[in-house]
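1. need a structure here:
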Amino acid sequence: MQSLIEGFHHFRSSIFPDQRALYEKVAAGQSPHTMIITCSDSRILLERIFCCEPGELFVYRNAGNIVPPYAQHVSGEVAAIEYAVEILKVQHIVVCGHSDCGAMKALLHPHQIADKPSVAAWLKHADTARHVLRCHDHGEADALPLLIEENVVAQLDHLRTLPMVAARLITGALQIHGWVYDIAQAGLHVFDPGPRAFVPLDDPAKYGPSVGAARATDPVIA
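-> Next up is the predicted model:
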């Protein structure tokens, strides 16, 4: 706790004065261009990774970067997405998984959470990824990285079930993207729906609408 207090004092005395105008501007309202749904993992610092200023990203975190599919009950995830799409008018939604994801480890080894009913129930929203993993020809070392990728794809499919997302995908007002961040290597892989594969984002100039942007017409994985 003491480190947080000291960090705040450093921010207020050494960082905030030079950016006062920016903070005064965003204090009056926000207009982020992108919503990122990522994991609660403490190692994922999105604003630092993507060099973003306050007001640029609308971030939602949960265990496993999960988007529950559309249903008649309200969830915090769906409410946040509705707000981002309908009120903030974000142009992009990114589902961003990451290496060494604890939630995906638990999904891979469900016996580890047999005595954690809330976690087990939550990870049912990622069960599609576990079943799809069985279709891959892989070794034990590749199971977790593949599961992390398949979970991102599954959550993109869930995103498409939300009416406000589906409508804006059809009109082109919104794009959805699947990314996986490698913590140790500072690497970023983006989902290419054409070959249905994650490709490394080594050259920003290569990133275009055909790479990383899942289209409204891409098939939903059941």
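
2. okay, CA-based contacts and neighbour counts for the rest of this
-> Noted.

3. hey, where'd the strands end up in the protein?
-> For the chain, applying DSSP state E gives strands covering 34-39, 57-62, 92-98, 175-182, 187-192, 197-200, 213-214.

4. and residue 25, which of the ones you listed is closest to it?
-> Closest approach to residue 25 among the strands of the chain (C-alpha to C-alpha): strand 57-62, 15.3 Å.

5. so how far is that closest one off the chain centroid?
-> For strand 57-62, the separation from the chain centroid amounts to 8 Å (computed by C-alpha atoms, centre = their mean, to the nearest Å).

6. And for stretch 93-102?
-> On C-alpha atoms, centre = their mean, the centre of stretch 93-102 falls 6 Å from the chain's centre.

7. Equivalent analysis for stretch 69-76, please.
-> With C-alpha atoms, centre = their mean as the basis, stretch 69-76 stands 18 Å off its chain's centre.

8. list the buried ones in the biggest helix by length in the chain?
-> Using DSSP state H to define each element, the chain has its longest helix at helix 140-160. By 16 or more other C-alpha atoms under 10 Å, the buried positions in helix 140-160 come out as 143-160.

9. where are the low-confidence patches of this structure?
-> Residues of the chain meeting the criterion pLDDT under 70: 72, 203-222.

10. what ranges do the helices span in it?
-> Counting by DSSP H, the helices of the chain are 2-10, 20-26, 46-49, 76-82, 102-108, 117-122, 127-133, 140-160, 163-171.

11. Select, out of these, the one closest to residue 96.
-> Evaluated over the helices of the chain, closeness to residue 96 peaks at helix 140-160, with 7.0 Å, by C-alpha to C-alpha.

12. just to revisit the earlier point, tabulate the helices of the chain (a markdown table), appending distance to residue 61.
-> Converted to a markdown table, these look like this (distance: least, C-alpha to C-alpha, whole Å):
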| stretch | distance to residue 61 |
| --- | --- |
| helix 2-10 | 20 |
| helix 20-26 | 21 |
| helix 46-49 | 11 |
| helix 76-82 | 9 |
| helix 102-108 | 13 |
| helix 117-122 | 14 |
| helix 127-133 | 19 |
| helix 140-160 | 13 |
| helix 163-171 | 18 |
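
13. Put the alpha carbons of stretch 71-90 into CSV.
-> Output of stretch 71-90 as CSV, limited to C-alpha atoms (Å, rounded to 0.1, in the frame of the first residue of the first chain):
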residue,chain,number,x,y,z
ALA,A,71,-28.6,-13.5,-23.1
GLN,A,72,-31.6,-12.0,-21.3
HIS,A,73,-29.6,-11.4,-18.1
VAL,A,74,-27.3,-8.4,-17.7
SER,A,75,-23.6,-8.7,-17.2
GLY,A,76,-21.0,-6.0,-16.4
GLU,A,77,-19.2,-7.0,-19.6
VAL,A,78,-22.2,-6.5,-21.9
ALA,A,79,-23.2,-3.3,-20.1
ALA,A,80,-19.7,-1.9,-20.7
ILE,A,81,-19.7,-2.9,-24.3
GLU,A,82,-23.1,-1.3,-24.8
TYR,A,83,-21.9,1.9,-23.3
ALA,A,84,-18.7,1.9,-25.4
VAL,A,85,-20.6,1.3,-28.6
GLU,A,86,-23.8,3.2,-28.1
ILE,A,87,-22.5,6.2,-26.0
LEU,A,88,-18.8,6.5,-26.6
LYS,A,89,-19.0,5.4,-30.3
VAL,A,90,-15.8,3.5,-30.2
